[in-house]
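> Predicted model follows, preceded by the sequence.
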Amino acid sequence: MAYAVGGSGIFAYSDFGDWRACKLWGNRYDTSGEPGSVGFIIVRSLGTLEKIADSTSRLGSGPNWGVAGVGSAKGGACLLRPDLGVAKRYASSIWKWEYATVTITRRMGIFALFAVLMVFGGSAPAWALPRLLVDMHSGEVLYAEEEGRPWHPASLTKLMTALVTFEAIKTGRVRLDTPVIISKRALDAPPSKVGFPIDTGITLEDALYLLIVKSANDIAIAIAETVSGSVERFADEMNQTAEILDMSVSHYVNPNGLHDPAQTTSARDIAVLSLTIKQHHPQFSQMFATKTVQLGDIKLRSHNELLTKFAGTTGMKTGFVCASGLNIVATAERGGRALMAVVLGGSSARERAELTAELMLKGFSGELGGTGWRVTDLTNQPGTGPFNMRPYICGAEARAFVAARTAAFSFGLEGQPTFLNDKVEAIVHRVGTLGLIRNVPLPRPRPLWAPGPGITLPSVPLPRPRPHLRSGG
């Protein structure tokens, strides 16, 4: 979905849409963005927009524009009049755009529309990343873009792994000192991993730190086996929890986020999941704020750059597989406010961190004033498959794609301004192992003739010393 603002109007375009959704939004918001009534327009195609440009002045400036276009048939656009933040929410909720961005300017009392085709590598996909900014105290959405679009979660999956484990601790199924033992299945997991030998034990508390900070795939499997007995049963619990939280496009196959086409989520669902962790399990917040886990002389670091470069950061988690691009959910507190940002599909660690920090700064400054919607008001896009970033991150088009993204968003490059200007002391957590605690060889059995414990041997006199005889001459 594309959207833009100019003058006093906002136009949202899609190559398909639902007029009922437009009507719902129109009835909820008036021209100031407050509850009220506003009209809307549905059209079939981008070409029809030129007619709208010519006739907009006849619609007037009042809230009752009525309906034009195709009615209940599949259409292509809604003409809305609330503030830009709300318009983005509206626009992204009838998302499906591949070819055009529509811009509006106000000229002589009418709207002029300009379609800009975004062509890349012979195709014309839209590079609108899923992004979401939420006030954690009020639950209000400050900014939303493609927040309901299905996406591959990568290691953001481990947030759900953590939540299921936190709930198991809460109900007494496991404890923080419960041994987590490395199985062959855990050891065989691809990186990122710790690589403990089979049968090595660690406490569940240390395992959770390694899961969240190091993003260790082997530890995720070991935790799942400890909590539920198997990865498959743990995945069932993950999906049951997602259903309870109404994470309607989220589905889990494994506890670590290694790529599976069926493993999906959305920015909206990630925000719901993260808020649940923050609100219901605040005692574990330190885990998400930790930058480094130290294992002996080895330092295992988080990929969340905000932890040491953005003042007020309180966590949470990053993730990456080729199909997802670089994902992050981050939280921060400043001036009594607490914000959460979700960014999916970054082309580099730099872009991911800078986009997140930019969102945060705009939220704290008041530039993003809010939409009037709560996270639970946001809707997903069921029936739409997750976008596959692999060709553009790890495939043939990666070099050109990353170069284009770098040129379009250069913050954080050498010699360029950055949103990550702070120096924050890193939190370090030390972990250790319990040694080998499964299938450890037992001591050899005591011989039958050996005395048992508590039995005292009788006193046996020592032999008399041999007399020292002098030899004769």
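Here it is on my side, so go on. Numbers count the residues shown, from 1 in each chain.
> So what does the closest residue to residue 131 other than its chain neighbours look like in phi/psi?
If you skip the residues right next to it in sequence, residue 131 has residue 145 as its closest partner in space, 4.7 Å away by CB to CB, 6 or more residues apart in numbering. Quick note: C-beta positions are derived from backbone N, CA and C, even for glycine. Taking degrees, to the nearest 10, you get phi -150, psi 120 for the backbone angles of residue 145.
> and what of residue 350?
On the backbone of residue 350 - angles per degrees, to the nearest 10 - the values are phi -60, psi -50.
> Now do the contacts for it.
Taking CB atoms under 8 Å, 6 or more residues apart in numbering as the contact definition, residue 350 lies against 412-413.
> Check it and give its pLDDT.
Residue 350 carries a pLDDT value of 97.
> related to what we said a few turns ago, there's contact between the residue nearest to residue 131 and residue 266 in this structure, I believe.
No. Using CB atoms under 8 Å as the test, residue 145 is too far from residue 266 to be in contact (11.9 Å).
> Compare these two (neighbour count), which wins?
Shown here are residue 145 and residue 266; by other CB atoms under 10 Å, residue 266 has more neighbours (30 against 21).
> Just confirm the more buried one contacts residue 242, I think it does.
No. Here residue 266 does not reach residue 242: they are 11.2 Å apart, not a contact under CB under 8 Å.
> Give me the common contacts of those two.
Listed as contacting both residue 266 and residue 242 by CB under 8 Å, 6+ apart are residue 250.
> how does this structure divide up, domain by domain?
Per automatic domain parsing, the structural domains of the chain span 2-126, 144-431.
> Next, the distance between the ends of the last one.
The separation between the terminal residues of domain 144-431, taken as CA to CA, to the nearest Å, is 38 Å.
> residue ranges for the helices of this structure, please.
Assigned by DSSP state H, the helices in the chain fall at 19-28, 49-59, 84-93, 157-170, 184-187, 204-209, 217-228, 231-244, 267-280, 285-289, 306-309, 349-365, 390-393, 398-408.
> Format those helices as CSV; extra columns: distance to residue 427.
Formatted as CSV, the helices of the chain follow (distance: least, CB to CB, whole Å):
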stretch, distance to residue 427
helix 19-28, 43
helix 49-59, 52
helix 84-93, 34
helix 157-170, 17
helix 184-187, 26
helix 204-209, 11
helix 217-228, 19
helix 231-244, 27
helix 267-280, 17
helix 285-289, 6
helix 306-309, 8
helix 349-365, 18
helix 390-393, 30
helix 398-408, 31
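> among those, which is nearest residue 325?
Among the helices of the chain, the nearest to residue 325 by CB to CB is helix 390-393 (5.3 Å).
> Mind checking the pLDDT average for the closest one?
Computed over helix 390-393, the mean pLDDT rounds to 95.
> now do stretch 332-343
Along stretch 332-343, the predicted confidence averages to a pLDDT of 97.
> For that stretch, list every residue counted as buried.
Judged by neighbour count using 16 or more other CB atoms under 10 Å, the buried positions of stretch 332-343 are 332, 334, 338-343.
> just these now: which is nearest residue 322?
For the buried residues of stretch 332-343, the minimum distance to residue 322 (CB to CB) is 17.2 Å, reached by residue 343.
> Distance check, that closest one against residue 233.
For residue 343, the distance to residue 233 under the criterion CB to CB, to the nearest Å works out to 32 Å.
> What of residue 133?
Remark: distance between residue 133 and residue 233 (CB to CB) = 36 Å.
> again with residue 145
For residue 145, the distance to residue 233 equals 36 Å [CB to CB].
> ditto for residue 406
Using CB to CB, one obtains 44 Å as the distance from residue 406 to residue 233.
> now do residue 167
Distance of residue 167 to residue 233, computed by CB to CB: 14 Å.
> ok, the two, which is more surrounded?
Taking other CB under 10 Å, residue 167 and residue 233 do not tie; residue 167 has more neighbours (16 against 13).
> Run a quick neighbour tally on the nearest residue to the more buried one once chain neighbours are set aside.
Across the structure, with CB to CB, 6+ apart as the measure, the residue nearest residue 167 apart from its sequence neighbours is residue 241 (7.4 Å). Applying other CB under 10 Å, we find 18 other residues in the vicinity of residue 241.
> Can you list the low-confidence ranges for the protein?
Where the chain drops to pLDDT under 70, the residues are 1-127, 439-463, 465-473.
> Repeat the analysis, applying 50 as the threshold.
Residues of the chain meeting the criterion pLDDT under 50: 1-126, 471-473.
> ok so, going back, dump the residue contacts of the residue nearest to residue 167.
Residue 241 makes contact with 160, 163-164, 167 under the criterion CB under 8 Å, 6+ apart.
> Neighbour-wise, which one of those residues leads?
With neighbours set by other CB under 10 Å, the maximum within the contacts of residue 241 is found at residue 160, which has 29 neighbours.
> Test my guess that that residue contacts residue 274.
No. At 10.1 Å, residue 160 and residue 274 do not qualify as touching, with contact defined as CB under 8 Å.
> what is in contact with these two at once?
The overlap between the contact sets of residue 160 and residue 274 (CB under 8 Å, 6+ apart) is empty.
> Show the contacting residues for the residue nearest to residue 326 when sequence neighbours are not counted.
Leaving aside its chain neighbours, residue 326 sits nearest to residue 346 (3.7 Å; criterion: CB to CB, 6+ apart). When contacts are counted by CB under 8 Å, 6+ apart, residue 346 touches 129, 325-328, 352, 355.
> will you turn the residues you listed into TSV that also has distance to residue 227 and neighbour count?
Compiled in TSV, these are given as follows (distance: CB to CB, whole Å; neighbours: other CB atoms under 10 Å):
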residue	distance to residue 227	neighbour count
129	33	23
325	30	29
326	28	24
327	24	30
328	26	26
352	30	28
355	34	22
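> Distance to residue 289 for those - can I get that in CSV?
Output for the contacts of residue 346, formatted as CSV (distance: CB to CB, whole Å):
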residue, distance to residue 289
129, 25
325, 24
326, 20
327, 18
328, 14
352, 18
355, 20
